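S.K.: Sharing a sequence plus its predicted fold:
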Amino acid sequence: MKPQVSLVITDLDNTLWDWVRIWCASFGAMLDELVASSGVARETLEREIQAVFQRNGTSEYAFLIQELPSLQAQHPGEDLTVVYASAVDAFREARRAVLELYPTVHDTLVQLGQMGCPVVAYTESMWFYTWYRFSKLGLDGLLTTVYSPPDHATPPDLERRYHDDHYVLHQTTRRHTPPGELKPNPDILLRIVHESGADPQRTVYVGDSLLKDILMAKDACVLDVHAKHGTAQDTEAYEVLRRMTHWSTQDVEREKTIIAEDSIRPTFVLDRCFGQLLDTFQFVAPDS
């Protein structure tokens with residue numbers, strides 16, 4: 001008998017789409033153009049970029065170019081997004097070229113909706129960046145709720161392109177996770193289950209990270225599913241992310257150790273695609 005499930009909670013990055021590839025392609029295109037346009041050494045820019053990422057606690061930061069000391073020194077008082085508009089354009093063009101869902105994701109979400117089984121997202125990516133991918137990939141309404149951290153602060157002398165009212169979803173509900181609370185804290189996952197009115201024993205959590213996702217699901221006593229199809233830790237792109245990451249050295253080394261030791265063993269594995277969920281569980285409405 002297949003386990004019966006009345007709630008799916010899913011990670012987003014490298015579970016529904018290849019976030020590492022998206023990040024690496026867009027970041028790399030921007031950095032290449034900054035090096036060519038500014039004449040600043042790549043090593044210098046990388047060092048300054050990592051400092052900005054770590055200061056803001058994210059490897060996605062909309063005001064990155066404006067906060068690079070080498071560029072500020074070359075163009076005091078100027079709008080660096082105008083001076084380096086070609087780098088901004090390179091970032092956006094590269095992002096558009098690779099932003100897509102993994103195969104079977106869209107159709108699987110549609111089928112889960114038709115079965116009456118709600119799908120909730122839980123991501124550590126901040127809302128502004130999650131909103132962009134969510135809206136561009138046509139997911140609004142296919143998931144009932146998205147849980148994400150609140151956005152980083154906007155620098156006092158800068159502003160986003162649009163007012164906050166622009167960055168909304170029309171059918172999917174947006175909720176924030178507590179500031180500073182991160183995976184693999186099982187309390188957040190249990191809160192999501194509780195707020196969804198679901199039974200933990202009939203809840204599935206899907207994620208690509210053994211350390212953050214599978215360990216958390218096990219500690220929360222929900223059904224854990226490893227999205228192995230989205231694992232990126234052994235790719236060249238992931239090495240670029242590790243080099244530039246806002247994570248601490250201890251976090252990076254801990255992840256490497258856990259992956260190398262294979263100390264976390266998932267209960268269920270999606271080794272080909274997200275759509276394998278449909279073959280693994282019996283999905284029902286919450287009141288069934």
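M.R.: Alright, I've got the coordinates. Here the structure is a predicted model, which means the values were calculated and not measured.
S.K.: Need the pLDDT of residue 92.
M.R.: Per-residue pLDDT puts residue 92 at 96.
S.K.: my guess is it meets residue 22, correct?
M.R.: No. With contacts counted by Cβ atoms under 8 Å, residue 92 stays clear of residue 22, the gap being 11.8 Å. Any C-beta I mention is one placed from the backbone N, CA and C, and that applies to glycine too.
S.K.: after the helix-or-strand element of the chain with minimal mean pLDDT, next one along is what?
M.R.: Between all helices and strands in the chain, the lowest mean by mean pLDDT, DSSP states H and E belongs to helix 249-261, at a mean of 60. Going down the chain from helix 249-261, the next helix or strand is strand 268-269, by DSSP states H and E.
S.K.: Walk me through which strands that following strand pairs with, and which way each runs.
M.R.: The strands beside strand 268-269 in its sheet (DSSP bridges) come out as strand 223-226 (parallel).
S.K.: Pull the distance from the lengthiest helix in the chain to the chain's centre.
M.R.: When the chain is parsed with DSSP state H, its longest helix is helix 19-38. Distance, stretch centre to chain centre, for helix 19-38: 18 Å (Cα atoms, centre = their mean, to the nearest Å).
S.K.: got a list of what residue 13 touches?
M.R.: Neighbouring residues of residue 13 by Cβ atoms under 8 Å, 6 or more residues apart in numbering: 19, 20, 123, 124, 125, 208.
S.K.: Which one of the residues you listed is nearest to residue 81?
M.R.: residue 125 (22.0 Å; Cβ to Cβ).
S.K.: what about that closest one, is that helix, strand or coil?
M.R.: coil (DSSP: H, G, I helix; E, B strand; the rest coil).
S.K.: Touching, residue 283 and residue 112? I think so.
M.R.: Yes. Counting by Cβ under 8 Å, residue 283 touches residue 112, with 5.8 Å between them.
S.K.: joint contacts of the two?
M.R.: residue 8.
S.K.: now the following helix or strand past the longest helix of the chain and helix 19-38, what's the angle there?
M.R.: Beyond helix 19-38 on the C-terminal side, the first helix or strand identified by DSSP H and E is helix 42-56. For helix 42-56 against helix 19-38, the angle by axes from the mean of the first three to the mean of the last three Cα atoms, to 10 degrees is 130 degrees.
S.K.: where in the stretch 51-200 of the chain is pLDDT low?
M.R.: 152-167 (pLDDT under 70).
S.K.: need the helices for it, in chain order.
M.R.: For the stretch 51-200 of the chain, helices defined by DSSP state H, counting those that start in this stretch occupy the ranges 69-74, 80-83, 85-98, 105-114, 127-136, 186-195.
S.K.: residues near the residue nearest to residue 32 when sequence neighbours are not counted, how many?
M.R.: Nearest non-adjacent residue to residue 32, counting by Cβ to Cβ, 6 or more residues apart in numbering: residue 90, 7.1 Å away. Using other Cβ atoms under 10 Å, the number of residues around residue 90 comes to 21.
S.K.: I'd guessed residue 90 sits against residue 29; true?
M.R.: Yes. Residue 90 is within contact range of residue 29, at 4.2 Å (criterion: Cβ under 8 Å).
S.K.: before we move on, the earlier item: in CSV, could you pull the C-alpha coordinates for the longest helix of the chain?
M.R.: Taking C-alpha atoms only, helix 19-38 is exported to CSV below (Å, rounded to 0.1, in the frame of the first residue of the first chain):
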residue,chain,number,x,y,z
TRP,A,19,18.6,27.5,-8.7
VAL,A,20,22.3,26.8,-8.7
ARG,A,21,22.4,26.9,-12.5
ILE,A,22,20.2,30.1,-12.6
TRP,A,23,22.4,31.8,-10.0
CYS,A,24,25.7,30.8,-11.6
ALA,A,25,24.7,31.8,-15.1
SER,A,26,23.3,35.2,-14.2
PHE,A,27,26.1,36.0,-11.6
GLY,A,28,28.8,34.8,-14.0
ALA,A,29,27.5,36.9,-16.9
MET,A,30,27.3,40.0,-14.6
LEU,A,31,30.8,39.5,-13.2
ASP,A,32,32.4,39.0,-16.6
GLU,A,33,30.9,42.3,-17.8
LEU,A,34,31.9,44.1,-14.7
VAL,A,35,35.5,43.0,-15.1
ALA,A,36,35.5,44.0,-18.8
SER,A,37,33.8,47.3,-18.2
SER,A,38,35.6,48.5,-15.0
